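Q: sequence below, structure please.
(3 chains)
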Amino acid sequence: MDLGSLVQITIWGLLAGCIYILLAIGLNLIFGVMKVVNFAHGELLMLSMYFTFFIHEFFDLNPYLVIPISVFLMAFVGILIERLGFRPIMGTGKLNEIFLSLGLIYLLQNAVALIWGTGSRTIRSPFEFDSISLGSRQIPLDYLIIIGITMVLLVLLQVFLKKTTLGRAMRATSQNREAAMLMGINVERMDMISFGLGSALAAAAGALWCISGINFNPYIGSAPAIKAFAVIIIGGLGSIQGAILAGLLLGLAENPLLVLLNALWTETANTLTFLNLPADISFLSWQNSVSFLILIIVLILRPQGLFGERGE
Amino acid sequence: MKMSLIRSVLAFLVVVAAFSLPLVLRINSAMLEILIIMCVFIMYSSAWNLLTYSGQGSLGHAAFLGLGAYSSVLTAKFLNLSGLWAINVGGSLVLIQSTILTVFVGGLFAAVVGVFIGLTCVRLREWFLAMVTFGFAVIIHTVTLELKEITGGHDGLPTKHLVSITDSQITDPFVKTLMRYQIEYYVILVFALFVIYVIDRVLKSKVGLAFEAIRENELEAKVMGINTVKYKLIGFALSAFFTGVAGALMIHHTGYLTPEIYSVENSFRPIIYCISGGLFTVEGPIIGTFIITVIWDGLKSFGLVYEHLVIIGLILILTIIFLPRGFVSIPGKIRSRFRSGS
Amino acid sequence: MLSKLDRRFFLTALCVFVLFFLGCTQQSTDTGGGAVERNEIKIGIVAPLTGGMSTTGNDMWQAATLAADEINAQGGVNVNGVMMQIKLVKGDVQSDPQEGVKAVTKLITEDNVDILVGGFSSGTTYADSVVASENKVPFIITGASSSVITRRTDIDTSYFFHHCPTTDDYAEATLLFVDAVVKPLIYQRFNLPSNRKILIGIAYEDSKFGEGVYSGAQNAIERNNLNMEIVAAEKFKTGETAYQTVLTVLKDAKPDIIYPGAVLNEQSPLVLQGRRDVGMNSLFLSIECNDDPDYYTGVGKWGDYSIQESRFGPYAVPDRPVYKAAMKFKDDFKARFGSFPSMMGASTYEGVYIAAQAIENAGTLDKAAVRDELDALEMPEFIEAMEGGVISFSDDYRESKFLFYMEQLRWNESLGETRPVIVWPAHLKEADFVLPDWYEPGQ
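A: Numbers count the residues shown, from 1 in each chain, chains lettered A, B, ... in the order given. As a prediction, the model looks like this:
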């Protein structure tokens, strides 16, 4: 394994991490304010891909210009889901929230399949053929845009939460709902805003991801969403720094770490032949397993996650 | 006293109905297949419900379903056991296979792994626990795939049936299959009834009370002197055991085992059944499995393909919003409506 | 605790549901097997109509409907002097073994189908074919690519007929082509010694299908004594979206050619990411199921010059007697369903015709007789080119042998997509294979 490849693989890891982070932070915002985990978050990402695709097709717009439109639309969809789905069951128990989102997964996935079919679709980016060269390797421009926009969104979010009245009210609600209510904060409005904001972040992730050239279908959301849950659990529920760190951690574990493990295994199997190890095991398909292994190890050591606070 | 009498009478009637279904009606294998899978899932959902009763909601219970199935099938394969005993049914020799015993090996193995997973989970609650159990299912799936020499990897394993019909005058393969399905239905039904009975006993015992205390408030339970770790592990072991038995029975009936048994779908199904039926009750999982299966397969037989999944999603959402205690609470709701009306 | 009234209510509700349930499942009145007096032939189509694989599943169902309607429009099937219409019944296996067993059991024992056609995904087919075997119902498998299906020993497979190439077949055709056509060009341009091995890198999906492609390539090299070596074989998660890491590892092994064991939604991102992101100036091979309009749309310009193995495709059709029938099938399918049929659709379409032919030959709906006729079938090739020009099932494992051809993708500026041209075998080819300028061999 030469160094150039390892650097390149690390970049692939960071890229995967960006998508996880955008999803996970949205989940975390919602959790912070409402104490609800929306398992159907990946379906919002998927919906955003379809919105982006159709708006792009219909108006023949540059797909990057469609992103704000999709984000806005999805924020609205998110608010709708909060109003009609989650608000009626707030406070009836944590299991109910998990189950409601399971219902949403079934509903959204199959409704999309019913309306738009299950075939895969792609969006062609205007920068499809542009890349930035890094010595002997190169990185497509689209990916740099993903990394760039993710960073900008993270900074904007920090500014929003720390500097604006609304953001402070949201943080107050996450810290202590009752106290916030007593202070005259309309917590139900905070619920709505946090859900809208969380959906918007998922929409941004979805739109960016599909413009970078992947194929998508109605079932694409579940895999990254489940990873985003792992991210917020590892990072600690409600913690933004935790989500960023854990997102990068998983992105790196699933790419460079697995590659190193793969190389190590082959080396061991070939040198220590007496162990009779099967040399052809390929660890590169173990992404999910390695993520959950990390999750389990972190939780055994720190049951509240890396940055989580003890108790609720 | 009176209440428990009615309860017993009712339970008895349902059991009689379950036993007479294949005899009273002109039944075919397709319907028996649905009934068999239903019985398996009643067992499975009840087992899942038992764990949830102790305050531990699992999102990866398919791990135990699969572990039970694989260990039972592999035991039967490596011990190369023959038929257990033969009975004569209407001129044909029905051989009860020893797989009927290896399912307990499946259950035991699942329970051992369950205790291990439970140990990593004792300090976790809610989402943390949910993700860890989900993760275990993913990891066990991957490991099963990689242990190709033992598990057959993606190729899976052929499995022995629970019973086989030998030495028969019946030449029509349809009738022969129907007969196997009928007998297997009864075998699985007996298992299901036994599991439900045991779970009912457990929930009514000291263990059940401890589960409830832990679920309501773990700290208080601890203060009251309940060994919470011990009871949580008991919950995991029992639930995994019954799930393992259910998985093994299902796969011996099917005749082929592939790693798809660890699917997310299989992990989520008991949740859907229990929620819609009514959590924390003995009859909830039974009613939920029954009603959802009827709707599911009913809609499908009308040719509604995606629609049936959309409808299941809607039912789930509407139940949680309007019937948080599940279908079992419908009679109570209606009664109170009547009372306030009259 | 609930009161007496509730219990009574519960019991009534239970009864209502039992009745509803029976209403749903007990539509047919005749139970049991054997030949029932009917004037229609029932064919069960076993396909994943919901779930992640439903695009292909629906294609199979639509192709089957087309075949059945064509046969019915011509008066139906002549069964011993009686003209019978074909009726298709859906069996949704959902790519899940348990659902598959349920669906096939329902087709066999409730809908009383005379024959089964379809079967998709090897894992599901392993399980649901147990039911078909036990009930001795002929099953024409048109969508599962594992050769194990008709070779397994735990059940009686004599009722299974495999009308779909196996992963071994694909790999063999592809690698023979590479050896005969691609290799000389590479060696000539780069002045490589002729005894140098062709280096192959394999990226395969973590499934029976992917493993089959990998072992198929190994078997093909061994069986034909090809001067080739697999320098890297890496597995990726089924349905993966990011292939960069796998491809970077492959690139490091420096292969001459990449053989992905990937299906439609995987192949196009894989090629795109390999060429663009990882910067591989290597040739990509592709499995037949990717010869689909969605692939050409998805892969865009990055697919230029890559190699496609095929037996039936949307754009290139070999100039053989089957040409006209194939074009007609494609046009009819497009006119009716608005899309191109996939390869699985084509073999399912043929499957229905094969079923009809076997029943006509047997002159009865008796399943054993139909099975024997399938075994003895000699039917002229239809919309796909077959070895020897006839569809017949081999004596040992009841597999039909397809003729493959290789295509190369060429960029078409006016369409904004690539289009395939047939480059092999010699008697079918439309153009010569071209080694692109950017190509770099491995070492």
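Q: CA atoms for contacts and neighbours, from now on please.
A: OK.
Q: and the longest helix anywhere in chain B, what does it pack onto?
A: Ranked by number of residues, the top helix in chain B under DSSP state H is helix B:173-204. Under the contact criterion of 3 or more Cα pairs under 8 Å, 6 or more residues apart in numbering or on different chains; DSSP states H and E, helix B:173-204 touches helix B:2-24, helix B:29-53, strand B:163-166, helix B:228-254.
Q: mind doing that once more with 6 Å?
A: helix B:29-53 (3 or more Cα pairs under 6 Å, 6 or more residues apart in numbering or on different chains; DSSP states H and E).
Q: any part of the helix it packs on near chain A?
A: No - figure legend: helix B:29-53 not in contact with chain A (Cα under 6 Å from any Cα of the partner chain); closest approach 9.4 Å.
Q: now the angle from the very next helix or strand once past that helix to helix B:228-254?
A: For helix B:29-53, the succeeding helix or strand toward the C-terminus, using DSSP states H and E, is helix B:62-79. Angle between the axes of helix B:62-79 and helix B:228-254 is 60 degrees (criterion: axes from the mean of the first three to the mean of the last three Cα atoms, to 10 degrees).
Q: tell me the pLDDT of residue 302.
A: Since you didn't name a chain, this refers to chain A. In this model, residue A:302 is scored at 89, pLDDT.
Q: my bad, chain B
A: In this model, residue B:302 is scored at 75, pLDDT.
Q: can you check residue B:133 too?
A: 93.
Q: please name the nearest non-neighbouring residue to it.
A: Counting by Cα to Cα, 6 or more residues apart in numbering or on different chains, residue B:60 is the residue found nearest to residue B:133 once chain neighbours are left out, at 4.8 Å.
Q: that neighbour: neighbour count?
A: Residues lying near residue B:60 (other Cα atoms under 10 Å in any protein chain shown) number 25.
Q: just checking, it touches residue B:265?
A: No - taking Cα atoms under 6 Å as the definition, residue B:60 is not a contact partner of residue B:265, at 9.8 Å.
Q: let me see the ranges of the helices in the chain.
A: All of this refers to chain A. Counting by DSSP H, the helices of chain A are A:3-34, A:41-59, A:63-81, A:87-89, A:94-116, A:141-163, A:165-175, A:177-182, A:187-211, A:222-235, A:240-252, A:258-271, A:287-301.
Q: my bad, chain C
A: C:4-25, C:54-73, C:97-105, C:122-134, C:167-177, C:183-190, C:208-223, C:244-252, C:264-272, C:293-299, C:323-337, C:343-362, C:367-376.
Q: tell me how far residue B:279 lies from chain C.
A: In this view, residue B:279 and chain C are 15 Å apart by Cα to the nearest Cα, to the nearest Å.
Q: need the helices of chain C in a markdown table with distance to chain A, can you?
A: As requested, the helices of chain C are arranged in a markdown table below (distance: least, Cα to the nearest Cα, whole Å):
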| stretch | distance to chain A |
| --- | --- |
| helix C:4-25 | 23 |
| helix C:54-73 | 6 |
| helix C:97-105 | 17 |
| helix C:122-134 | 19 |
| helix C:167-177 | 19 |
| helix C:183-190 | 22 |
| helix C:208-223 | 11 |
| helix C:244-252 | 6 |
| helix C:264-272 | 6 |
| helix C:293-299 | 6 |
| helix C:323-337 | 13 |
| helix C:343-362 | 15 |
| helix C:367-376 | 34 |
